[in-house]
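> I need the structure of the sequence given here:
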Amino acid sequence: MNAIIYDLLALAVGYLLGSIPFGLLLTRLAGTIDLRSIGSGNIGATNVLRTGRKDLAAATLLLDGLKGTAAALIGAWLSPEGGMIAGLAAFVGHVAPVWLQFKGGKGVATFLGVLFGLNWPTALIFCGVWLSTATLTRYSSLGALTASAAAPLALFVFGHSGEAVVVAIMAAIVYYRHRDNIARLRAGSETRIGQKA
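Numbering: from 1, shown residues only. Sure, this is the predicted structure:
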(Lines give C-alpha, C1' and ligand atoms only; values in the text may rest on other atoms or scores of the structure.)
Protein backbone atom coordinates (compact mmCIF):
# COMPACT_ATOMS: atom_id res chain seq x y z
CA MET A 1 0.00 0.00 0.00
CA ASN A 2 2.80 2.43 0.88
CA ALA A 3 4.46 1.77 -2.50
CA ILE A 4 1.25 2.66 -4.33
CA ILE A 5 0.90 5.87 -2.31
CA TYR A 6 4.47 6.91 -3.13
CA ASP A 7 3.95 6.13 -6.82
CA LEU A 8 0.76 8.20 -6.85
CA LEU A 9 2.63 11.00 -5.10
CA ALA A 10 5.36 10.81 -7.75
CA LEU A 11 2.67 11.01 -10.43
CA ALA A 12 1.07 14.08 -8.86
CA VAL A 13 4.34 15.89 -8.20
CA GLY A 14 5.56 15.14 -11.72
CA TYR A 15 2.42 16.41 -13.39
CA LEU A 16 2.23 19.57 -11.28
CA LEU A 17 5.88 20.40 -11.99
CA GLY A 18 5.52 19.67 -15.69
CA SER A 19 2.39 21.73 -16.05
CA ILE A 20 4.07 24.98 -14.95
CA PRO A 21 3.88 27.07 -18.17
CA PHE A 22 7.21 28.87 -17.85
CA GLY A 23 7.07 30.32 -21.36
CA LEU A 24 3.69 31.90 -20.73
CA LEU A 25 4.64 33.13 -17.26
CA LEU A 26 7.93 34.69 -18.35
CA THR A 27 6.44 36.48 -21.36
CA ARG A 28 3.56 37.80 -19.26
CA LEU A 29 5.97 39.10 -16.63
CA ALA A 30 7.98 40.77 -19.40
CA GLY A 31 4.85 42.35 -20.85
CA THR A 32 5.13 40.75 -24.29
CA ILE A 33 2.29 39.50 -26.48
CA ASP A 34 0.30 36.43 -25.37
CA LEU A 35 2.17 33.39 -26.69
CA ARG A 36 -1.05 31.63 -27.56
CA SER A 37 -1.93 34.34 -30.09
CA ILE A 38 1.23 34.08 -32.21
CA GLY A 39 3.07 31.48 -34.27
CA SER A 40 2.15 27.94 -33.35
CA GLY A 41 0.27 29.07 -30.24
CA ASN A 42 2.45 26.76 -28.15
CA ILE A 43 3.96 27.75 -24.80
CA GLY A 44 7.46 26.41 -25.49
CA ALA A 45 10.77 28.13 -26.15
CA THR A 46 10.43 28.13 -29.95
CA ASN A 47 7.28 30.19 -29.78
CA VAL A 48 8.75 32.45 -27.10
CA LEU A 49 11.54 33.20 -29.59
CA ARG A 50 8.89 34.57 -31.95
CA THR A 51 8.33 37.42 -29.48
CA GLY A 52 11.85 38.62 -30.31
CA ARG A 53 13.12 37.95 -26.81
CA LYS A 54 16.02 35.52 -27.07
CA ASP A 55 16.69 35.84 -23.35
CA LEU A 56 13.17 34.73 -22.48
CA ALA A 57 13.37 31.88 -24.99
CA ALA A 58 16.64 30.65 -23.43
CA ALA A 59 15.17 30.90 -19.93
CA THR A 60 12.06 29.00 -21.05
CA LEU A 61 14.17 26.27 -22.62
CA LEU A 62 16.22 25.89 -19.45
CA LEU A 63 13.27 25.93 -17.05
CA ASP A 64 11.18 23.55 -19.17
CA GLY A 65 14.11 21.15 -19.13
CA LEU A 66 14.81 21.53 -15.44
CA LYS A 67 11.23 20.77 -14.43
CA GLY A 68 11.55 17.42 -16.19
CA THR A 69 14.84 16.67 -14.45
CA ALA A 70 13.49 17.74 -11.06
CA ALA A 71 10.40 15.58 -11.46
CA ALA A 72 12.43 12.48 -12.38
CA LEU A 73 14.85 12.97 -9.48
CA ILE A 74 12.12 13.64 -6.91
CA GLY A 75 10.17 10.65 -8.18
CA ALA A 76 13.23 8.38 -7.92
CA TRP A 77 13.66 9.54 -4.33
CA LEU A 78 10.06 8.60 -3.55
CA SER A 79 10.07 5.08 -4.98
CA PRO A 80 12.07 2.73 -7.23
CA GLU A 81 9.71 3.33 -10.18
CA GLY A 82 8.99 6.91 -9.17
CA GLY A 83 11.54 8.46 -11.49
CA MET A 84 9.88 6.98 -14.55
CA ILE A 85 6.39 7.76 -13.29
CA ALA A 86 7.14 11.36 -12.34
CA GLY A 87 9.21 11.94 -15.49
CA LEU A 88 6.41 10.77 -17.77
CA ALA A 89 3.87 12.75 -15.74
CA ALA A 90 5.99 15.92 -16.03
CA PHE A 91 6.23 15.47 -19.79
CA VAL A 92 2.46 14.99 -20.06
CA GLY A 93 1.96 17.99 -17.76
CA HIS A 94 3.96 20.18 -20.13
CA VAL A 95 2.18 18.92 -23.24
CA ALA A 96 -1.29 19.01 -21.65
CA PRO A 97 -1.41 21.38 -18.63
CA VAL A 98 -4.77 21.41 -16.91
CA TRP A 99 -4.46 25.17 -16.27
CA LEU A 100 -4.44 25.91 -20.02
CA GLN A 101 -7.26 23.60 -21.13
CA PHE A 102 -4.63 20.92 -21.86
CA LYS A 103 -3.00 23.02 -24.60
CA GLY A 104 0.73 23.05 -23.90
CA GLY A 105 4.03 22.79 -25.72
CA LYS A 106 5.53 20.10 -27.92
CA GLY A 107 7.61 18.75 -25.05
CA VAL A 108 11.14 18.49 -26.48
CA ALA A 109 12.89 20.46 -23.72
CA THR A 110 11.01 18.62 -20.98
CA PHE A 111 11.73 15.32 -22.75
CA LEU A 112 15.44 16.11 -22.59
CA GLY A 113 15.16 17.19 -18.95
CA VAL A 114 13.50 13.91 -18.02
CA LEU A 115 16.29 12.03 -19.79
CA PHE A 116 18.90 13.83 -17.69
CA GLY A 117 17.01 12.75 -14.58
CA LEU A 118 16.65 9.12 -15.68
CA ASN A 119 19.90 8.41 -17.50
CA TRP A 120 22.29 11.26 -18.33
CA PRO A 121 24.34 9.35 -20.96
CA THR A 122 21.15 8.93 -23.01
CA ALA A 123 20.46 12.65 -22.60
CA LEU A 124 23.90 13.40 -24.06
CA ILE A 125 23.15 11.06 -26.98
CA PHE A 126 19.88 12.95 -27.51
CA CYS A 127 21.79 16.23 -27.63
CA GLY A 128 24.36 14.82 -30.05
CA VAL A 129 21.76 13.40 -32.41
CA TRP A 130 19.71 16.58 -32.35
CA LEU A 131 22.73 18.79 -32.94
CA SER A 132 24.17 16.71 -35.76
CA THR A 133 20.81 16.29 -37.52
CA ALA A 134 19.89 19.96 -37.17
CA THR A 135 23.34 21.04 -38.36
CA LEU A 136 23.28 18.78 -41.41
CA THR A 137 19.68 19.46 -42.46
CA ARG A 138 19.03 22.85 -40.84
CA TYR A 139 15.67 21.52 -39.67
CA SER A 140 15.24 21.89 -35.91
CA SER A 141 12.08 19.80 -35.95
CA LEU A 142 13.82 16.93 -37.75
CA GLY A 143 16.61 17.08 -35.17
CA ALA A 144 14.07 16.78 -32.35
CA LEU A 145 12.22 13.93 -34.04
CA THR A 146 15.38 11.97 -34.79
CA ALA A 147 16.77 12.47 -31.28
CA SER A 148 13.45 11.47 -29.69
CA ALA A 149 13.46 8.23 -31.67
CA ALA A 150 17.10 7.52 -30.77
CA ALA A 151 16.60 7.95 -27.02
CA PRO A 152 14.52 4.82 -26.26
CA LEU A 153 16.80 2.76 -28.49
CA ALA A 154 19.84 3.98 -26.54
CA LEU A 155 18.17 3.15 -23.23
CA PHE A 156 17.35 -0.35 -24.46
CA VAL A 157 20.96 -0.88 -25.58
CA PHE A 158 22.16 0.32 -22.16
CA GLY A 159 19.93 -2.30 -20.52
CA HIS A 160 17.29 0.09 -19.14
CA SER A 161 14.23 -1.56 -20.63
CA GLY A 162 11.74 0.00 -18.22
CA GLU A 163 12.98 3.50 -18.92
CA ALA A 164 13.07 2.68 -22.64
CA VAL A 165 9.34 1.92 -22.63
CA VAL A 166 8.51 5.16 -20.82
CA VAL A 167 10.70 7.22 -23.13
CA ALA A 168 9.22 5.47 -26.18
CA ILE A 169 5.78 6.64 -25.02
CA MET A 170 7.14 10.17 -24.69
CA ALA A 171 8.70 9.93 -28.16
CA ALA A 172 5.37 8.84 -29.65
CA ILE A 173 3.73 11.91 -28.11
CA VAL A 174 6.52 14.13 -29.49
CA TYR A 175 5.83 12.74 -32.95
CA TYR A 176 2.10 13.37 -32.56
CA ARG A 177 2.71 16.92 -31.38
CA HIS A 178 4.99 17.47 -34.40
CA ARG A 179 2.49 16.10 -36.91
CA ASP A 180 2.21 19.47 -38.68
CA ASN A 181 6.01 19.74 -38.86
CA ILE A 182 6.18 16.23 -40.29
CA ALA A 183 3.64 17.16 -42.98
CA ARG A 184 5.70 20.24 -43.89
CA LEU A 185 8.92 18.21 -43.95
CA ARG A 186 7.32 15.81 -46.41
CA ALA A 187 6.06 18.71 -48.52
CA GLY A 188 9.45 20.47 -48.40
CA SER A 189 7.90 23.57 -46.83
CA GLU A 190 9.27 23.32 -43.30
CA THR A 191 11.18 26.40 -42.17
CA ARG A 192 14.93 25.84 -41.85
CA ILE A 193 17.09 27.18 -39.04
CA GLY A 194 17.98 30.79 -39.82
CA GLN A 195 15.24 31.10 -42.44
CA LYS A 196 12.44 33.59 -41.97
CA ALA A 197 9.04 31.95 -41.74
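> name the residues that touch the worst-scoring helix or strand of the chain on mean pLDDT?
Within the chain, judged by mean pLDDT, DSSP states H and E, the helix or strand with the poorest mean is helix 45-49; its value is a mean of 84. With CB atoms under 8 Å, 6 or more residues apart in numbering as the test, helix 45-49 has contacts from 23, 26-27, 35, 38-41, 56-58, 60-61, 64, 105-106, 109, 140. Where C-beta positions appear, they are placed from N, C-alpha and C, glycine not excepted.
> for ChimeraX, what selects the buried ones among those residues?
In ChimeraX, a selection of the buried entries from those looks like this (16 or more other CB atoms under 10 Å):
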select :23,26,27,35,56,57,60,61,64,105,106,109,140
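> any stretches of the protein with poor pLDDT?
1, 194-197 (pLDDT under 70).
> please enumerate the helices of it.
In the chain, the helices defined using DSSP state H lie at 2-18, 22-29, 45-49, 54-78, 82-95, 108-118, 120-137, 140-157, 161-177, 179-187.
> show me the one of those that comes nearest residue 193.
helix 140-157 (5.5 Å; CB to CB).
> just checking, what packs against that closest one?
The contact analysis (3 or more CB pairs under 8 Å, 6 or more residues apart in numbering; DSSP states H and E) places helix 140-157 against helix 108-118, helix 120-137, helix 161-177, helix 179-187.
> how close does residue 185 get to residue 153?
21 Å (CB to CB, to the nearest Å).
> my error: substitute residue 10 in the last question.
25 Å.
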